[in-house]
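Asker: Okay, here's the prediction I keep looking at, along with the sequence it came from:
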Amino acid sequence: MKINSFEEVIAWQKAKLLTKEIYSSMDHCRDFAFRDQLQRASVSVMNNIAEGFERQSSKELKYFLYVAKGSCGEVRSMLILAHELDYINSEQYKLLSELVTETSRLLSGFIKTL
């Protein structure tokens, strides 16, 4: 199956869901620098997938997918801290951790196909 747009990429769809969930989970957080960094990192995941796809080169796509995967690591790290600082509850942490881990796995699979 040929993917015609980044919106069709399952990893991008999952990253968009992750980003929306992070925005809604963190909307009450008064630590603006922390909240903004977490939000930027999650947006970076989906935007790097999109940018890499739009470059229309497998080599560049692969590079941007690795960057997106790195941003997944940043998000995971920040979610651990957000939970330990009680910025998010255990239920939110579990959901967000599962989403970011799944996104990272999807990115790994996509990279392997290239």
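Answerer: Okay, I see it.
Asker: buried stuff in the longest helix seen in the chain?
Answerer: Identified as the longest helix of the chain according to DSSP state H is helix 58-84. Neighbour counts over helix 58-84 (16 or more other C-beta atoms under 10 Å) mark 61, 63-65, 67-72, 74-76, 78-79, 82-83 as buried. From N, CA and C alone the C-beta is placed, and that goes for glycine too.
Asker: Distance from the chain centre to it, please.
Answerer: Relative to its chain's centre, helix 58-84 lies at 6 Å (C-alpha atoms, centre = their mean, to the nearest Å).
Asker: start the count at 766, not 1, going forward
Answerer: Noted, 766 is the first residue going forward, which turns the last one into helix 823-849.
Asker: Could you point out the helix or strand that follows that helix?
Answerer: helix 855-878 (DSSP states H and E).
Asker: which helices and strands sit right next to that following helix?
Answerer: Helices and strands touching helix 855-878, by 3 or more C-beta pairs under 8 Å, 6 or more residues apart in numbering; DSSP states H and E, are helix 775-790, helix 797-819, helix 823-849.
Asker: Nearest to Leu871, out of the ones you listed?
Answerer: When the helices and strands packed on helix 855-878 are compared for distance to Leu871 using C-beta to C-beta, the nearest one is helix 775-790, at 3.8 Å.
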